[in-house]
Each structure stands twice: as structure tokens, then as C-alpha cells.
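>>> take this sequence and fold it.
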Amino acid sequence: DICVHSMKDVPTWLVPGTILPCNLEREDTRDAWISPNCESPFDLPAGSIVGTASLRRQAQLLARNPGIKCVNFRGNVQTRLKKLG
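You can find the predicted model right below:
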């Protein structure tokens, strides 16, 4: 048996017996910001909504700008860009 999974989606607590035998070298890990109105997520006014599927990104954004609201935003890049339109 084999399972391929994205490490970003693996929970921090693993079921006993779970084996993570290898991790590939990471690609470019920088995040991308796409907005028609702001150059940075930190420029957003209070009440703005930011979509991300990453708990890490949500925590980072809310720590710097607690007035925004983070919502779950999933899909590949093309799907996410369509959702913005």
C-alpha cells in the first residue's frame, strides 16, 4: 500500500502506526499575494476577507492585521483565481 499526500495537509497529530518514510526537498516556499486593491495583506482595512486554506497563513495574517476575516479557500491556482472574479 502507498499513499501520497501533501505535507501541508497532514495533521500535527498522527494516528499511532502512521509512517512518514520520506520527505522530498521543498520547492520555492514563498507565498503569493493577489489582490486588485492592496499591495500587501497588511494594507487591508478592517473587515476585509482573505481566503486561504493554510492555518499557518491565517495565524500570520491575523497576528499582523487582527481586523481582517480569514475564510477557507481551497482549489488549484486556476480555480482560486476564478473564485476571485
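>>> longest helix of the protein, counting residues only.
Taking DSSP state H as the criterion, the chain has its longest helix at helix 55-64.
>>> in it, which residues are buried?
By neighbour count on 16 or more other C-beta atoms under 10 Å, the buried set for helix 55-64 is 57-58, 61. Just so you know, the C-beta spots here come from the backbone N, C-alpha and C atoms, and that holds for glycine as well.
>>> who does it touch, helix- and strand-wise?
The contact analysis (3 or more C-beta pairs under 8 Å, 6 or more residues apart in numbering; DSSP states H and E) places helix 55-64 against strand 69-71.
>>> do that again at 6 Å, thanks
Of the remaining helices and strands, none touches helix 55-64 by 3 or more C-beta pairs under 6 Å, 6 or more residues apart in numbering; DSSP states H and E.
>>> where's that helix relative to the chain centroid, distance-wise?
9 Å (C-alpha atoms, centre = their mean, to the nearest Å).
>>> residues in contact with it?
Counting contacts by C-beta atoms under 6 Å, 6 or more residues apart in numbering, the residues outside helix 55-64 that touch it are 41-42, 50, 52, 70.
>>> gap between the lowest-mean-pLDDT helix or strand in the chain and the chain center?
Lowest by mean pLDDT, DSSP states H and E among the helices and strands of the chain is helix 77-84, with a mean of 80. Between the mean C-alpha location of helix 77-84 and the chain-wide mean there is a distance of 14 Å, by C-alpha atoms, centre = their mean.
>>> pull it out as PDB, backbone CA atoms only.
Extracted in PDB, the C-alpha atoms of helix 77-84 (Å, rounded to 0.1, in the frame of the first residue of the first chain):
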ATOM      1  CA  VAL A  77      -4.500  28.100  -8.700                       C
ATOM      2  CA  GLN A  78      -6.800  28.300 -11.700                       C
ATOM      3  CA  THR A  79      -9.900  27.500  -9.500                       C
ATOM      4  CA  ARG A  80      -8.900  30.100  -6.900                       C
ATOM      5  CA  LEU A  81      -8.400  32.800  -9.400                       C
ATOM      6  CA  LYS A  82     -11.800  32.100 -10.900                       C
ATOM      7  CA  LYS A  83     -13.300  32.400  -7.500                       C
ATOM      8  CA  LEU A  84     -11.900  36.000  -7.200                       C
END
